[in-house]
Structure formats: structure tokens, C-alpha cells
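# Quick one: sequence plus predicted model below, questions after.
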Protein chains: 2
Amino acid sequence: MERTEIEEIGEFGLIRRLTEGLERRQSSTLVGVGDDAAVLDSGDRKVVISTDMLCEGIHFDLSYMPLKHLGYKAVVVNLSDICAMNVLPTQITVSMALSSRFSVEAVDEMYAGILKACEVYGVDLIGGDTTSSQAGLVLSIAAIGMANSDSIVSRSGAKPNDLLVVTGELGGAYMGLQILEREKEVFKSAPTAQPELQGHEGILERQLKPEARTDVIQEMADLGLKPTAMIDISDGLASEILHLCTASQCGVKLFEEKIPIHEETYETAREFNLDPTLCALSGGEDYELLFTICQEDYDKVHNHPKLTVIGHITEDASEHTLITRNGLHTPLKAQGWDGIKASRKANTEEED
Amino acid sequence: MERTEIEEIGEFGLIRRLTEGLERRQSSTLVGVGDDAAVLDSGDRKVVISTDMLCEGIHFDLSYMPLKHLGYKAVVVNLSDICAMNVLPTQITVSMALSSRFSVEAVDEMYAGILKACEVYGVDLIGGDTTSSQAGLVLSIAAIGMANSDSIVSRSGAKPNDLLVVTGELGGAYMGLQILEREKEVFKSAPTAQPELQGHEGILERQLKPEARTDVIQEMADLGLKPTAMIDISDGLASEILHLCTASQCGVKLFEEKIPIHEETYETAREFNLDPTLCALSGGEDYELLFTICQEDYDKVHNHPKLTVIGHITEDASEHTLITRNGLHTPLKAQGWDGIKASRKANTEEED
């Protein structure tokens, strides 16, 4: 029998392969696979549901991720998917598989983080499953929200000339991870050394305790602002822009100078010989929202402290252009962490 | 810091500890943790949702569970939870973590089983997540159904004098597992030996390809029969009866001679020196439905080929009585697999 390694086709390739040609049998399935969340028709209000799985050693490293933070972050990541549909989350389910390495007290700690997130975001924990695992910790969380049909926003509604908007600042979570990984290496070679985390509190918090932008969803509703398309930034700005353009069958022009990057992120990137823009484009885990709005809504986002216009949508679906600070037009690519690392190597060699 | 092993308090103890005193903040949360599924208020129709996690080496053994069957069974187990609320399932989400041991072709195989179950039960696959794992395979599935509020049945509505009813036949899935484990041992010592599975096709199918009783849910709706309380049999009849009684704050009288056991299950249990009744009471994984009905509905279940009255509910919540074939009254206990094994040892020694 033939054997194809999963890494040959990648996660997105695998998902495409598995979900291609899925049949829809139930009239209550309004949106299925392919957006941040599925949408179900249960009557006057629609139900939005999304699920994410986090595995030890793949998505988190317990040597620098405290269990309480892990619990908090695992919930937030899922709530963020509901926000990306322009819906406020209302319930979650939590399933976990635990190896015998985990004590009851360790589970308590993780649950304290989960319940803290429920408290902060006002959501109810309504179910789940708890089981043994052969190795490590696996967390599978589903988040649910409810909304009227006309307020739900998918990835696919962007139109030419729409403005591209992002919430908050980008690249911080990735730089926080670089600090944690550096200190882990230091600790391995000198276990008595104190970690040097000072001055990096902001980006560490972005990595260890991200937040879902329910505040922005609420404020947009108050402003009467409904995005034409939306997605949350889990994999990096570039990758999410490309997802949104593919779903909306349109192109994009993105302006490097507009991408919001916090000073602390900027300084730390420089310290690590990394290009701050590349960290924002490919770092991921910021859980900010990326969306498009009609030109007519510009006044509602202009000068809004949480929102930044970073580009606009174009008609040509093959055009994904990044316009750099010095005016160069370059193709926008989702390079992932490998791309950032390759660029660090190049930067370092330039200095040498 | 104190360290308590999870096995000291057990899975149910851990769940109790984690979910005690959970706050409810959303008015749309009608039923939270503690039943087969949660119930959400999304308007005219209620949404029912349940989730289950299956881990390699804990819930399944790929040395005798073909991947296609695993996919099918993982879906069925979740659909059964929705049935246990007297609701027909309509959608599922599927998340999975895969180690590098699994090829794309292996995932295709598992997915074929998942999609087969979707086809058989007419449910839509609406989302999920696919990720790497450090070791083994973890499947986390959520099932969703929708129903009018007045047709949903919880575990807690049983009243004194209600009749206790079970669907299908019990103990088969456990005996199927015994056959598979025996053949695995034979294979280990003599890899060229052909497995002796003949004559056990029925119970092997109960273990490898169980079904959710959506047919019974539909037939009860057609009959105008609404159970007063219901649960599905995943852990064994005894354990589920006790859950139902605890939730309904009542007692039970169960008649051994009424428990439906297929001849093939009976014969195989005897062959293994096991008490067939004990296999039905503690074997589990039958995914039949256990429910209570008012006495007035007796005519609707009497002579129904899929339904058997096996006892009745009593007022005294401390009474859980099994009345044996020879008229003895013994306490009904959830003994689990350990209880069955201990009894096998005793049976074998008696013979010697």
C-alpha cells in the first residue's frame, strides 16, 4: 500500500483532501467547513460553533507555559474564532486527555485558567470529556455563540475597494515566544541562572495570556459597523490576508508602514536580528481580528484607537501586493516561522 | 506542593471536582454539565450538544480495530449521546491529533469510516481541527442536534413506578472485545496462526461497528412515546441505571431474567467462564438506550421488538436492587471490567 507522509501535503493540504466534496444533508447547516466557525440554523437565532485542539509538544511547551495560562489561552483561542464571525461567544465545551504525569493539582491549576477565561468573557462551560492519554496533554475546546443571521460575517464577503483593517498590534506573541525559548536554552545550560524577562513583560503577556477581541465586536456593534469579511489572526497576518482573499475571490494591496507594531515588539525583534514586519506578517498567535469594511465606513474606523487601516482590496484575485516602506511592490507570501528564521540567518550573515 | 494521582479519585471524581459550583452566566444555557448533552436556547428550537474524546491505547487498540471502523465508531458514540436526549443528531465536528506514524492514506481510511457514519445517519460534518501529536492518535468529536424544548428528555425525570426499558441486547460489545483480545494474544505467540473469529460475527460487529439508536428515537416519536428520563449505555447497564437514579433521586428494582442478552453473547460468555448477566451489567459499549416511561405507556412498549421492560423505579433513593433468576435480592453495583475479571477468576477456581 502506498504511503504518503502528512508533512508532504501539509495541514492545509490534509484538510482540503478530507473536506473536499463534503455533502450537506441537513437544511440547518448554513455554513460548514471552511470558515472560522460553522453556522447552524436553529430558528430565529443562528448558532455559531468552532473547535480547536491543542497538543503538548506541538502547540505548547509546559517548561515555560504555566498550566493556568495554558487553560486561559486554550479558551481564548476558541473564543477568538467566534469573534471572527462577528459574534460574541456564549458557551464552551472542554475535553482533555491527560497522561499519568499530571496530578489532580495540576489539572486544578489548568482548570483555574479555563474558569478565569470563562469569567472574564462571561461564557458558560457546558460540557466536555476527561480521559487518560498514553502520553502528554491534549486539550480540545469548542466555542459557541448565537446571533441573528444578518449580523454574522464570513471570510468571503470582501469586495474591491473595501478597506483592510486590523485590531491592536501584531508580532508581539511571536517575539514573546522567542524570549521564552531563549531563556529555556539558558536554563538548560545553567539551571541556576535567573531568567532575563525584564522589559519584555508586554510581549510575554501577548504569548502567555492573549485576549479575544470581544471588546471590538461589541464596539463595532455599537458603532453600527459591520465588516464585509473577517478572520482572526492565529497563523500570522500574511496567511490570514491570503485566506480572506481566496474566500472572497479578490486581491489585496497591503502597506508595510501601516502595519501596527508595538515599540517593545520592534525593539526585541531588532535585538534578535529579526525584521519586525516579518514577525507581524508570519509570527501568528496574536488573536487580533482582520477585516474589511466598505469605503463609506471609513469615518467609523479613522482615529479609532483599536483599529488600523493597513490596505485595501483589489479586483484582481491574483494580486497580493505588499508595498514596502521604500515604495517597492513585492508579492505578499505566507512564509511561516521558517521564513522568519531564514531571514534571521540572512540578517546575521549581513552583519558578519 | 501536594500531589494527588488522578486514579485516586477516578474519572468521575475528577469531573465532579472540576465542575462543582460552575457558574451559569448566559440565559441561553438551559442544561450545562451533568447530562448526556448540554441544551442551549437559541430561539424556537433548542440546540443539544455533546462531545467525546477517544485516545489510542486507552479507548481503542489499532492492532485489532481497523481505522475505518474506528472512524465510524467514534461518530456513533457521539450520536448516541444526542439520542440519549431524545433528539436526532444533525451535525458533527471532528478534531484529530496524529503522530507521524499515520500516513495520509491511514487518515483517508479513518475518514472513510467517519463519512460512512455521516451518510448512514444523515448528519453533516461541519468543522473540526487537524493537528500533529507527539504520540498516537486522539479523536475529539462533538455532535449536535436540534429539537423543540418539550421533546428533550434528561436523565432526571424518572418517577416512582415508572417502568425501566432498554433497547436491543446487551453484553455483546464486551464479549466481542474478549474475542479480539484473545486472538491478539494468539497472534503474538504464533503470528502465522489464522484468527478464530467464526461464529462470533455478531458480537464482533457490536464491538467494531456499534450503531446509535436513532431508529428507536424516530419510532418513539411516531408512537407518541416520550420517556420520562433517558441515558445511553456506554459504561454498562448497572452504571447507567445508577446515574439515572441519582439524577432522578429515586431507587430501582431490576430483574435479571428480563435483561436482554443475545444467544451468541451468552454462549461466548460461557466459553470464557464469564457470567453473561455480569457482562451485560458491567461490559459497556453497547450504545443501547436505557429509559423510563410512565406505567400508562406500557402498551406502547409491550411486544415492541426493539424494547424490553427490565424493571421499575422505586421511591427510596437508596434502593438499587437486582432480583436474580432464583429470586435473591442483591444490591446493584457498577463493578466495571475489574468486577467481571474477578468473577471470571472465581468461576475458574470453582471448576478446578
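Nice, I can see it. These figures come from a predicted structure and were not determined experimentally.
# And the most centrally placed residue in chain A, how far from chain B?
Centre of chain A computed as the mean C-alpha position; nearest residue by CA atoms, centre = their mean is A:Ser234, 1.7 Å away. For A:Ser234, the distance to chain B (CB to the nearest CB, to the nearest Å) stands at 11 Å. The C-beta positions use only the backbone N, C-alpha and C, and glycine is treated the same way.
# do A:Cys118 as well
Counting by CB to the nearest CB, the gap from A:Cys118 to chain B is 8 Å.
# right, and the helix or strand after the helix or strand harbouring that residue?
Using DSSP states H and E, A:Cys118 sits within helix A:104-121. Sequence order places strand A:124-132 as the next helix or strand after helix A:104-121, per DSSP H and E.
# Next one: the helix or strand that that following strand is followed by, is it in contact with chain B?
With elements assigned by DSSP H and E, the helix or strand that comes after strand A:124-132 is strand A:138-147. Yes. With CB under 8 Å from any CB of the partner chain as the measure, strand A:138-147 is seen reaching chain B through A:138, A:140, A:142, A:144, A:146.
# average model confidence for strand A:138-147?
What strand A:138-147 shows for mean pLDDT is 96.
# ok so, going back, between the helix holding A:Cys118 and strand A:138-147, how big is the angle?
20 degrees (axes from the mean of the first three to the mean of the last three CA atoms, to 10 degrees).
# returning to what we had before: redo the residues of strand A:138-147 next to chain B as a markdown table? Include neighbour count.
What follows is these, written out as a markdown table (neighbours: other CB atoms under 10 Å in any protein chain shown):
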| residue | neighbour count |
| --- | --- |
| A:Val138 | 28 |
| A:Ser140 | 32 |
| A:Ala142 | 30 |
| A:Ile144 | 32 |
| A:Met146 | 25 |
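# May I have the predicted confidence score for the residue nearest to the centre of chain A?
92.
# still on that earlier bit, what angle sits between the helix holding A:Cys118 and strand A:124-132?
160 degrees.
# List the buried residues for helix A:104-121?
Buried residues in helix A:104-121, counted by 16 or more other CB atoms under 10 Å in any protein chain shown: A:104, A:106-107, A:109-111, A:113-118, A:121.
# between the residues of strand A:138-147 next to chain B, which is nearest B:Val39?
Nearest to B:Val39 among the residues of strand A:138-147 next to chain B, counting by CB to CB, is A:Ile144 at 11.9 Å.
# correct me, but that closest one touches A:Leu88?
No. If you go by CB atoms under 8 Å, A:Ile144 and A:Leu88 don't touch, sitting 10.7 Å apart.
# Now do the shared contacts for the two.
A:Ile82 (CB atoms under 8 Å, 6 or more residues apart in numbering or on different chains).
# ok so A:Ala74 is a helix residue?
Yes. Counting by DSSP: H, G, I helix; E, B strand; the rest coil, A:Ala74 falls inside a helix.
# I'd say it and A:Ile141 touch.
Yes. Counting by CB under 8 Å, A:Ala74 does reach A:Ile141; the two are 5.5 Å apart.
# what about the helices in the stretch 151-300 of chain A?
A:172-189, A:201-208, A:214-223, A:237-248, A:263-271, A:276-282, A:298-301 (DSSP state H, counting those that start in this stretch).
# returning to that earlier point: between A:Ala74 and A:Ile141, who's got more neighbours?
Counting neighbours by other CB atoms under 10 Å in any protein chain shown for A:Ala74 and for A:Ile141 shows that A:Ile141 has the greater number, 30 against 24.
# picking that back up, closest one to chain B out of the residues of strand A:138-147 next to chain B, please.
Nearest to chain B among these is A:Ser140, at 3.6 Å by CB to the nearest CB.
# what pairs with the closest one across the strands?
Beta-bridge pairing for A:Ser140 (DSSP bridges): A:Met53, A:Ser95.
# Who are the contact partners of it?
A:51-54, A:94-96, B:51, B:53, B:95, B:129, B:138, B:140.
# any idea which of the residues you listed has the most stuff around it?
That'd be B:Ser140 among these, by other CB under 10 Å, with 32 neighbours.
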